[in-house]
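> 3D model of this:
(chains A and B)
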Amino acid sequence: MLNKKVKNRIVVFFGLAFLFIIVTVSSILALKDNILYFLSPTEVRESSNIVFNKKMRIGGMVKKGSIYNDRNEIKFIITDLKNEIMVSYKGTVPNLFSEGKGVIAEGSLKDKKFFVAKRILAKHDENYMPPDLKNVIKDVK
Amino acid sequence: MLSKIGILSTLISTILSFLLVYQSFSEVKSKNNIISKKFYYLSFYQLLFIIFSFLILLFGYIFSDFSLINVYENSHTTKPLFYKITGTWGNHEGSLLLWINIMVLFSFLFLVYKKNTEKKFKLFTLIFQNILILFFLIFLLTNSNPFSEIYPAPSQGMGLNPILQDPALGIHPPLLYLGFVSSSIYFSAALASLICRLEANVFAKFIKLWVVISWSFQTLGILVGSIWAYYELGWGGYWFWDPVENSSLMPWFLMTALFHSLLVLEKKNGLYAWVLILSILTFIMSVTGTFLVRSGILNSVHTFANDPSRGLFILIFLAFMISMSLIILFKYFPNEKNNFLFLSKESFVLFNNWFMIFFLTVVLIGTLYPLFLEVLSKEKVSVGPAYYNIVLAPFIVPFLFLMSYGPQSKWFSSKLVDVKKMFFIILLSFSLVFIFANFEKDSSFITTLILVFSIYLILQSFLDLYTSIKNNSFNLSRSISHLGFGMLIFFISTNNILSTESNFNLKVGETKKLTNYSIKFNNLKILKEKNYETLVGNFLITDIKNYKEENLKPEIRVYNQPKIVTYESSIKSKILSDTYLTMSNLAGSEFYSIRFQTKPFMNLIWISVLIISAGGFLRILRRENK
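Sure, this is the predicted structure:
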């Protein structure tokens, strides 16, 4: 049915695919240490193996009326309508950051209720919500 | 009215594509070697009608015809004319129409290029290209129709997201599309040449022009996107390894690999199969990128408003394309014998290709990993710059070395180049780095090596440039692009090391003292513009060391339609360094959050990329004059 040439080609193809998988697996091992986990306030509360002071992302909504601004920092509360985390941040906020809107903060947890953000993530579309965040809010509703 | 004309014109174009496929199928069997006139006519009218459709949509935007849903959702009467025009492709439907326009344009150009040669090959290319075009036309008409009507027509539109109202973002999509959508033509040509068993060097001569065109535009497109991110997103970065950015970079790797191995194909008839695979992969990767961006399955910070049905359509299309290519590849795979001499130029081209494929794999894995992890374990993660830096940086060093050494080697010969000269230049680069490097605090061993070898590449390329100008050879464009790449890596690394950032809060009238700068918040002014109101801060920056003063005026804009607040950073751009200041204000507080950054060599980074693409454009022009 298949002649020899075609068979050879298929062997070569799978050989290459195999090589590709090896590269993939080794890169994924390199990935392990360099990824940021994304958690919602509820996941932070419920999780038992959270590493403090490690870079990660938390996401949810900026609680209405929670934004506070003084000489040293900005503080606001990220909520998923079940649980809340206080975020402290130094720096400018991105476009489209506002009360009642979705937000992702990157930084590290000091304890389960307090997060120090190094970066607040921007979104380019006012109607857009990151899929992660959509799930968080959907789960709650 | 516009809606009907637009749909009609698109439909005519669809019918013409179908006719082209049908007619080509019956024509390939005939023995004579002249492509009959009717193909030129069909293809020309197909182009004419699809351009007409696009003009209709453009017309709808310019005159704010809100009876088109697409215009209603993305435009507004108070928007400046320029942004009405760029709004045409600033959304999913409009950009899809632009995409099809480019595919049809290249289908036509390919047909008239080198008229009356290789008839069978050209007709098959036309068939494949038009099957692709048909697919996208059907997608446009059934799922993403930019001409859908809304009744009764609203009197006002919803407006374009202000962040997208930017000149750089206006020209970014067309450039990028000219880049990766035009890769469809060598995808089609590769399948056609497999079926016709076209001779290797003939194929190389046919597609080289298109590969260089798409590569040059892709480079420019990525550049403009980065520039936009730099001054619009307000945190001073220009590349975030975001999935959307990655999906423009991945086809670029493949294009780069492709036109390097095309050289071997042209000169040596080698690597035919590999070139074919690369040609096919480039467009597949482009569509994959589009799928990732448009379907919204990836968590990206910038993305189109998304819709799963679009994703599904593109996914089906992708599956169809991949299986079609695989079947044709297995069936018609060309036979060839490759005997490579180890230090010959063809080996270096292969090295280039290995690196490109490696870079591609790393970026692809970084992009897709979060997706797989979420499906497998429900864990949500994102892959940040750290991963890319750690995995890619060590490989940049040998890559830079090979990029300098490779062009010195000869075709078909394994002779070593002038080793003494090479060591001399490397030594010179080492000493340059150690004399001028006063930034040891952050620079690691690998960073130092990267600096050394990027300088080596720059010096070597200058030498090459000198000899190419003297001999007036084609290598000129290569030397230019390689020079640009060396500069790019050098300036990115130094920028990375020397950038400074400080964040603080200030009240009007206060002054903040930093180590090298003092920043005085002089006053605030309110101005009213056509479609927004703006709060302009006036800051006096004093460079303490050099006794220099400058004013920076960041803004907080409140757009009226849609009602959105944006923070416009203020950048003073000089040849050697940028000062960058952004302010934001929350909850009406009297304190303003300030981010002050100094970013050395930003302009030189942009210039480096311009130089890289200039090499490509030069090659296109000189080819045409030959």
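> Which strand runs longest in chain A?
Scanning chain A for the longest strand, with DSSP state E as the assignment, gives strand A:102-111.
> Relative to B:G60, how far out is the residue nearest the centre of chain A?
A centroid search over chain A (Cα atoms, centre = their mean) returns A:F38, at 3.3 Å, as the residue closest to the centre. Counting by Cβ to Cβ, to the nearest Å, the gap from A:F38 to B:G60 is 40 Å. Yep, even glycine has a C-beta here, placed from its N, CA and C like the rest.
> Now do the strands for the stretch 501-626 of chain B: every range, in order, please.
B:511-513, B:517-528, B:532-543, B:548-552, B:555-560, B:563-568, B:570-573, B:577-584, B:592-600 (DSSP state E, counting those that start in this stretch).
> Same list, those strands, but as TSV with distance to B:L451 please.
Shown next, in TSV, are the strands of the stretch 501-626 of chain B (distance: least, Cβ to Cβ, whole Å):
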stretch	distance to B:L451
strand B:511-513	32
strand B:517-528	26
strand B:532-543	26
strand B:548-552	27
strand B:555-560	37
strand B:563-568	34
strand B:570-573	24
strand B:577-584	18
strand B:592-600	14
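> mean pLDDT for those: which is lowest?
Taking the mean pLDDT of each of these, the lowest value is held by strand B:563-568, a mean of 83.
> For it, which strands pair with it and how are they oriented?
strand B:555-560 (antiparallel) (DSSP bridges).
> what's in contact with the partner strand?
For strand B:555-560, contacts defined as Cβ atoms under 8 Å, 6 or more residues apart in numbering or on different chains pick out B:78, B:159, B:162, B:531-537, B:564-568, B:570, B:583-585.
> right, and B:F59 touches B:S3 too?
No: contact criterion Cβ atoms under 8 Å: B:F59 and B:S3 do not qualify, at 11.6 Å.
> Now do the contacts for B:Q460.
B:404, B:407-408, B:425.
> Mind doing that once more with 7 Å?
B:404, B:425 (Cβ atoms under 7 Å, 6 or more residues apart in numbering or on different chains).
> Quick check: which element contains it?
helix B:445-471 (DSSP states H and E).
> still on that earlier bit, neighbour-wise, which of B:F59 and B:S3 wins?
B:S3 (22 against 15; other Cβ atoms under 10 Å in any protein chain shown).
> Please settle this for me: is the more buried one part of a helix?
Yes: with DSSP: H, G, I helix; E, B strand; the rest coil as the criterion, B:S3 is located in a helix.
> show me what contacts it?
B:67-68, B:147, B:149.
> Now with 10 Å, please.
Residues in contact with B:S3 (Cβ atoms under 10 Å, 6 or more residues apart in numbering or on different chains) are B:56-57, B:60, B:65, B:67-70, B:145-151.
> what pLDDT does it get?
In this model, B:S3 carries a pLDDT of 90.
> and if you look at B:I100?
We have a pLDDT of 96 for B:I100.
> pretty sure it is touching B:Q129, no?
No: contact criterion Cβ atoms under 10 Å: B:I100 and B:Q129 do not qualify, at 11.6 Å.
> Spit out the residues that contact these two alike.
In contact with both B:I100 and B:Q129: B:S17, using Cβ under 10 Å, 6+ apart.
> which one of those two has more residues nearby?
Neighbours were counted for B:I100 and for B:Q129 using other Cβ under 10 Å; B:Q129 has more, 29 against 26.
> Using the three-state scheme, assign that one.
Per three-state DSSP, B:Q129 ends up helix.
> list the contacts for the nearest residue to it once chain neighbours are set aside?
Among residues not flanking B:Q129 along the chain, B:S188 sits closest, at 4.0 Å (Cβ to Cβ, 6 or more residues apart in numbering or on different chains). Applying Cβ under 10 Å, 6+ apart, we find B:S188 in contact with B:103, B:106-107, B:110, B:124-133, B:207, B:279-280, B:283.
> let's see it at 6 Å
B:125, B:128-129 (Cβ atoms under 6 Å, 6 or more residues apart in numbering or on different chains).
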